[in-house]
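[1] got a predicted model here, sequence first, then my questions.
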Amino acid sequence: MNQSPAPLKGKVVAVSTSSRKGKKKTNLPRCELLENKGLDGDAHAGDWHRQVSLLATESIAKIREKGLEVAPGDFAENITTTGLKLWELPLGTQIALGKQALLEVTQIGKECHDRCAIYHQVGDCVMPREGIFARVLRGGTIKPGDAISITLPAGE
């Protein structure tokens, strides 16, 4: 089946952090993305390939359709977006957020070792399939409402 390509523009819906891994994150009015580290104050920030996680509201809607009231940050994602099919972006895609921040997609989906509370309630979770991970190429302040633009890797 032919799917349409991912749109190249979107918007930040929420920016969320947590001091502990694997927990729902708290939505913030703004946060600083730190170059080669991640979101300031987040447990996943560090020198590795999964510094920041992103999930689309379009993915969250799939769980809402199953009857569970979930919101941005509930899947432990750092940045919630709208207008983008994040899961269709190839590795190496660059994601510009706000006025200066720049991410590079390093992983699509993840293995879910321990089923989360969302999975136990509705028998499914979209984060392992549709969540993406990135490293911070250039830092900057990001906030809900910021524009997102996508640059696909050469040859895509």
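    Nice, thanks for sending it over. Since the structure is predicted, the reported quantities are computational estimates derived from the model, not experimental observations.
[2] now the helices for the protein?
    For the chain, the helices defined by DSSP state H occupy 57-64, 117-122, 127-130.
[3] could you tell me the least trusted of the ones you listed?
    Per-stretch mean pLDDT for the helices of the chain is lowest at helix 117-122 (a mean of 48).
[4] who's in contact with Val52?
    33, 38-39, 44, 78-79, 103, 133-136 (Cβ atoms under 8 Å, 6 or more residues apart in numbering). (Each C-beta comes from the backbone N, C-alpha and C, glycine too.)
[5] rerun at 6 Å
    38, 78, 134 (Cβ atoms under 6 Å, 6 or more residues apart in numbering).
[6] closest to Gln94 among the residues you listed?
    Ala134 (9.0 Å; Cβ to Cβ).
[7] quickly note the distance from the closest one to Glu104.
    Separation of Ala134 from Glu104 (Cβ to Cβ, to the nearest Å) stands at 6 Å.
[8] between these two, which one's more packed in?
    Taking other Cβ atoms under 10 Å, Ala134 and Glu104 do not tie; Ala134 has more neighbours (27 against 18).
[9] can you list the residue ranges for strands in this protein?
    For the chain, the strands defined by DSSP state E cover 9-17, 26-28, 31-34, 38-39, 52-56, 79-82, 94-97, 101-108, 132-138, 140-142, 147-151.
[10] dump those strands to TSV, plus mean pLDDT and distance to Glu69.
    Shown next, in TSV, are these (pLDDT from 0 to 100; distance: least, Cβ to Cβ, whole Å):
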stretch	mean pLDDT	distance to Glu69
strand 9-17	97	15
strand 26-28	96	15
strand 31-34	98	24
strand 38-39	97	25
strand 52-56	94	16
strand 79-82	97	15
strand 94-97	97	27
strand 101-108	96	26
strand 132-138	96	24
strand 140-142	98	26
strand 147-151	96	25
